[in-house]
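S.K.: Fold the stuff below for me.
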Amino acid sequence: MRIAVLATGWAKKELLSKAISSTVELTFLDSLGDMILSRNADIFFDLDFVFDKERINKLGQLLPKPVFVNSVIHTLEEIGSPFIRINAWPTFLKRDICEVVAGDNQHQLIAEIFEKLDWRYQLVPDIIGMISCRILATVINEAYHTLDDEVSTKEEIDIAMKLGTSYPLGPFEWSEKIGLKEIYDLLLHLSKKENIYIVAKGLERQINP
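M.R.: Okay, here's the model as predicted:
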């Protein structure tokens, strides 16, 4: 199985940190144009995906072959193409279980692909933030609310979360790994429908001083 991967920096590093079946051939590409020309690949991963009409149209040229996109915030319904969403935010791609969103008619295909990769996966609903990132964004937002209320410091909150919940990172540490702007954007999208996700003032100030 030949997989063409568009990934740079942390995404490439995390993907290479995963154990991959010897029957899988990975080819890393430097540009979207290179990916479009990679007609010999069986599967495509755009881990640098951005929600852009032109990019979506170009990736659509690769269909009906499976096209995975790193789209945590934007849903397949918004994207408007039968791609496969994967949670490839920093620290999530290297987890033991991959979070995946696919159309109902793609479930068997997903099972076959991940069996060949020798990776575990979990299908989740086509919702903003998937599951893990919705939870983590909420935790980080609440940490900023706690900081705003002067209950504790960033360092103490991080330590408390790691000791109390066995999280690998504290909320502030995790937000730095992922990128606070990504968390902010996810919360903004979620808050359009649910007030629980309204961005904490301290987090807002970090993005818009």
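S.K.: Just give the nearest non-adjacent residue to the residue nearest to the spatial centre of the chain, would you?
M.R.: Centroid check for the chain by C-alpha atoms, centre = their mean gives Asn87 as the closest residue, at 2.9 Å. If you skip the residues right next to it in sequence, Asn87 has Glu99 as its closest partner in space, 3.8 Å away by C-beta to C-beta, 6 or more residues apart in numbering. No exception for glycine: its C-beta is placed from N, CA and C like everyone else's.
S.K.: Do I have it right that the one you found meets Ile127?
M.R.: No - with contacts defined as C-beta atoms under 8 Å, Glu99 does not count as touching Ile127, sitting 11.3 Å away.
S.K.: Who has more neighbours out of these two?
M.R.: Shown here are Glu99 and Ile127; by other C-beta atoms under 10 Å, Glu99 has more neighbours (21 against 12).
S.K.: tell me the secondary structure for that one?
M.R.: Secondary structure, DSSP: H, G, I helix; E, B strand; the rest coil: Glu99 is strand.
S.K.: Could you do Val5 as well?
M.R.: Per three-state DSSP, Val5 ends up strand.
S.K.: Just give me the neighbour total for it.
M.R.: Counted with other C-beta under 10 Å, Val5 comes out at 22.
S.K.: partner residues bridging it?
M.R.: With DSSP bridges as the criterion, Val5 is bridged to Phe28, Phe45.
S.K.: Model confidence for it, exactly?
M.R.: Per-residue pLDDT puts Val5 at 96.
S.K.: ok, it to Leu117 distance?
M.R.: For Val5, the distance to Leu117 equals 12 Å [C-beta to C-beta, to the nearest Å].
S.K.: on that earlier part again, residue contacts, the residue nearest to the centre of the chain?
M.R.: The contact partners of Asn87, taken as C-beta atoms under 8 Å, 6 or more residues apart in numbering, are 70, 72, 93, 98-100, 130, 132-133.
S.K.: Dihedrals phi and psi, Glu194?
M.R.: Dihedral pair for Glu194: phi -140, psi 120, per degrees, to the nearest 10.
S.K.: What segments of the protein are strands?
M.R.: Using DSSP state E, the strands found in the chain span residues 2-6, 25-29, 43-46, 67-69, 84-86, 97-101, 120-123.
S.K.: next one: phi and psi at the residue nearest to Glu78 when sequence neighbours are not counted?
M.R.: Closest residue in space to Glu78, ignoring its immediate chain neighbours: Phe51 at 7.3 Å, by C-beta to C-beta, 6+ apart. Per-residue torsions, Phe51: phi -80, psi 90 (degrees, to the nearest 10).
S.K.: got it, and Asn208?
M.R.: Dihedral angles (degrees, to the nearest 10) for Asn208: phi -120, psi 80.
S.K.: Okay, buried residues for stretch 13-31 please.
M.R.: Under the neighbour-count criterion of 16 or more other C-beta atoms under 10 Å, stretch 13-31 has 14-15, 24, 26, 28-29 buried.
S.K.: could you redo those as a markdown table and give each row distance to Pro66 and pLDDT?
M.R.: Shown next, in a markdown table, are those (distance: C-beta to C-beta, whole Å; pLDDT from 0 to 100):
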| residue | distance to Pro66 | pLDDT |
| --- | --- | --- |
| Glu14 | 20 | 90 |
| Leu15 | 16 | 89 |
| Val24 | 13 | 91 |
| Leu26 | 15 | 91 |
| Phe28 | 17 | 93 |
| Leu29 | 16 | 93 |
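S.K.: I'm done for today, thanks for sticking with me.
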